[in-house]
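Asker: I need the structure of the sequence given here:
(one chain, ligands or ions: 3)
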Amino acid sequence: MSDHGQGETKPLILVVDDDAAIRDLVREALEHFQFAVAEARNGAEGVKTFARLKPELVVMDVRMPEMDGFQACAAMRQVPGGANTPILILTGLDDTESIKTAYEAGATDFASKPINLFILGHRLRYMLRAKRTLDELRESEARLASAQRIARLGNWERDLRSGRMRWSGETYRIFGVDPKTFTPDLASYLERVHPQDREIVARATGEAVRREGPYSFDARVLMPDGTVRFVHEQAEAIFDDDGTPLRLAGTTQDITERKQIEDQIRLLAYYDGLTRLPNRVLFMERLTQALTTAQRQGGTLAMLFLDLDRFKRINDTLGHTVGDRLLQAVSERLKKCLRSTDTIARGDPLASTDTVARLGGDEFIVTITDIARGEDAAKIACRVLEALNEPFKLEEHEVFVSGSIGISLFPHDGKDADTLLKNADSAMYHAKDAGRGTYQFYNKSMNEAALQRLAMENSLRRALERQEFLLHFQPQIDVVTGRIIGAEALVRWRHPELGMVSPGDFIPLAEETGLIMPIGEWVLRSACAQGKAWRDEGFGEMIVAVNLSGRQFRQQPLVHTVDEIVKSTGFDPRCLELEITESILVQSVDDTVSALKRLKDMGLRVSVDDFGTGYSSLTYLKRFPIDTLKIDQSFTRDIATDPGDAAITAAIIAMADGLKMAVIAEGVETEQQRDCLRQRGCRLMQGYLFSRPVPADQFRLLLQKQAGGEPPGGEATSARRVAG
Ligand code: C2E
Ligand code: MG
Ligand code: MG
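Answerer: Residues are numbered from 1 along each chain as shown. Ligands and ions are numbered 1, 2, ... in the order given. Have a look, this model is predicted:
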């Protein structure tokens, strides 16, 4: 029996034999070897004693009544905790059949009778030692596994040649796959790595294999249920004696929780808890970044400092909960305002660096990058103020608020974050002084300019419906025959207060605001209708030229619009010439070529306006289906006095000739200029020398005068037929 003495506990050995004499002998011998001994008389009793005493080792005879040694051995293996206890079976000498059966029943070893008791003692000691080593190993494996489970840390190996992997239990758990159905190898592992992080894995493996030391990285893995978790992977390559990399040995740790905590910390440190907007710290960080970029690229930036008017009163009368809700609602409206403004016009809302932030209390700040001019900031300020004007419904209250906005502009009002913020703040106080619910620029002159531009934009918006546009026509003359061969339509705006506004002053504004589309369409329709009217009056085949802006040209439905207008006005498309600028030609050449070809297929003519002022490379020119080059006024002006201008003009004329294009010189004001041009082979001209742009009825007088007694029409367009 087991010894419960003070000293070390003696290992308990269970001896199962039906022969009492043998049991005695064995007991004596084993006690001599410092073992404690328990006995059982047959297999059945042996199994019971085994279950009760849990001996460290069993010595068991084969042949016994009731239950033999084989059955008892198999039964002991089923006893909880009995799977690993060493069992030594005593067999007859050379009884190989029994030896085989014993092993099959789960025996650890055998000894043949008659027993050498001395050797048996030694043998059992070694069996016990081996068993204890194994136990320790199992225990430490179990400890490792549970440590790995607690740390969510799995280990693995990957054969570099076959790609096959060996994963620990925890590695399977981290990847959320079942070891029974999942075969880990490089391909199936990579499949589970987030596609955007596969590159990281490949790079790290490469480095390890090239002996650049162990690697570690963080990556995302995809769970079978579609969720994403974060892992930290560490590994190193193992090489053979020749230095050939054999395999990678590494660990994978699930760090999802840590990541989430980090995110949480970030959120707390950089965002305002109430509104979830960036706080002052993040705002200053982003602003500094945006300013560096703006400085480098010569960009602009506007800062809007918003303070709610009389917010304190709401807090005091309705309580802080309502006050908090109001701040949240305001932040939502601010975000919406920014989204619906320029980010959309600029195409990619994600690329925008525009920010709304809460500085604290009822102070918010909005930054807008790349504004074309200060007045655009005023437009956004207006939108913000309008958005605040809508009453807020908070719990059962309907709350009315207004805000005051101060605007500072980079680089104009400051080059660094602090100065811009300070100046926007001081402008905000001016807005409060000016009666609240308004905005003020830090720079006073901007207030005036912004108002003017906004007013201009508003009246331009209404100009079409109020029919304030009209067309003037300037004749194009063939100086050889002296006849009018064409008319350039030039738009005019009769502003109710400002009088005639020149297109140079409102076309750029129309382009920026997109109003150029409806205005341009009106011009085209009116010009075609006028051309048709003159034709019907019998003035012959005269060309009507219409200017197109870049934005109009790039808008897709252009070809359809032109087609529809030509059809509905009944104007002959062969007499319609579209004037485009060189800048259109340089942008996306292939698109331009195909758009021009489609216009040409409709029978239209195309001319390049202000030729010589842009940057179009001359070699390009032959790729475009162009009928006419219009030499810019600046060359005409000095042609008689500046040899350089004369040379350029001569070159343009010669080149146009070679490319079979017609040439019109613009801005011809003197006879000297006319003669100079004519000497160089230019016979088509336009300018004050012949006529200023005039209203349609005055233009008719010119046509009538030219017709004189002779019948109108005839060879009117002959000179323009150069391009065929
Ligand atoms: P442009 O197409 O080069 O038009 C010629 C400009 O030169 C016209 O100015 C015309 O009045 C002026 N001009 C004509 N002869 C002379 C001359 O002998 N001496 C001088 N100094 N100037 C002369 P305008 O009408 O003020 O138009 C300016 C520009 O506005 C036009 O330049 C054109 O680019 C644009 N524009 C005019 N109408 C339209 C239109 O309907 N649509 C578009 N997109 N642009 C237009
Ligand atoms: Mg023109
Ligand atoms: Mg021009």
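Asker: following the worst-scoring helix or strand of the chain on mean pLDDT, which helix or strand comes up?
Answerer: Across the helices and strands of the chain, mean confidence by mean pLDDT, DSSP states H and E is lowest for helix 342-345: a mean of 38. Taking DSSP states H and E as the definition, the helix or strand that follows helix 342-345 towards the C-terminus is strand 355-360.
Asker: in the sheet, which strands lie alongside that next one, parallel or antiparallel?
Answerer: strand 363-369 (antiparallel) (DSSP bridges).
Asker: what comes into contact with the partner strand?
Answerer: With Cβ atoms under 8 Å, 6 or more residues apart in numbering as the contact definition, strand 363-369 has outside contacts at 277, 283, 286-287, 290, 293-294, 299-307, 330-331, 334, 337-338, 341-342, 352-359, 376-377, 380, 384, 421, 424. Where you see a C-beta, it was placed from the backbone N, CA and C, and this is true even at glycine.
Asker: separate out the buried members of those.
Answerer: Neighbour counting over the contacts of strand 363-369 (16 or more other Cβ atoms under 10 Å) leaves 277, 283, 286-287, 290, 294, 300-307, 330-331, 334, 337-338, 341-342, 352-359, 376-377, 380, 384, 421, 424 as the buried ones.
Asker: now the closest residue to ligand 3 within the stretch 101-250 of the chain. Nearest residue, chain neighbours left out?
Answerer: Here the residue of the stretch 101-250 of the chain nearest ligand 3 is residue 196; by Cβ to the ion that distance is 51.8 Å. Spatially, and ignoring its direct neighbours in sequence, residue 196 is nearest to residue 220 (7.6 Å; Cβ to Cβ, 6 or more residues apart in numbering).
Asker: A helix includes the one you found, no?
Answerer: No. Assigned with DSSP: H, G, I helix; E, B strand; the rest coil, residue 220 falls outside any helix and is strand.
Asker: ok, residue 578 touching residue 604?
Answerer: Yes. Under the criterion of Cβ atoms under 8 Å, residue 578 lies in contact with residue 604, with a separation of 6.2 Å.
Asker: what do those two both touch?
Answerer: Taking Cβ under 8 Å, 6+ apart as the contact rule, residue 578 and residue 604 both touch residue 562.
Asker: contacting residues for the residue nearest to residue 196?
Answerer: Under the contact definition (Cβ under 8 Å, 6+ apart), the residues listed for residue 220 are 193, 194, 196, 197, 228, 229, 230, 231.
Asker: doesn't residue 221 make contact with the fifth one?
Answerer: Yes. Taking Cβ under 8 Å as the definition, residue 228 is a contact partner of residue 221 at 7.2 Å.
Asker: between these two, point out the one with more neighbours.
Answerer: Shown here are residue 228 and residue 221; by other Cβ atoms under 10 Å, residue 221 has more neighbours (21 against 10).
Asker: bridging residues for that one?
Answerer: Counting by DSSP bridges, the residues bridging with residue 221 are residue 193, residue 229.
Asker: and it, how far from ligand 1?
Answerer: Relative to ligand 1, residue 221 is positioned 57 Å away (criterion: Cβ to the nearest ligand atom, to the nearest Å).
Asker: likewise residue 87?
Answerer: From residue 87 to ligand 1 the distance is 102 Å (Cβ to the nearest ligand atom).
Asker: cool, and residue 554?
Answerer: Using Cβ to the nearest ligand atom, one gets 13 Å for the distance from residue 554 to ligand 1.
Asker: what sits against that residue?
Answerer: Residues counted as contacts of residue 554 (Cβ under 8 Å, 6+ apart) are 584, 587.
Asker: in helices, which of the buried ones among the contacts of strand 363-369 fall?
Answerer: Counting by DSSP state H, the part of the buried ones among the contacts of strand 363-369 found in helices is 283, 286-287, 290, 294, 330-331, 334, 337-338, 342, 376-377, 380, 384, 421, 424.
Asker: could you tell me the end-to-end distance of stretch 290-307?
Answerer: Across its full length, stretch 290-307 reaches 23 Å between end residues, using Cα to Cα, to the nearest Å.
Asker: for the residue nearest to residue 576 when sequence neighbours are not counted, give me the pLDDT.
Answerer: Distances taken as Cβ to Cβ, 6+ apart place residue 604 nearest to residue 576, at 5.4 Å, with adjacent residues excluded. According to the predicted model, the pLDDT of residue 604 comes to 96.
Asker: do residue 158 as well
Answerer: Residue 158 carries a pLDDT value of 94.
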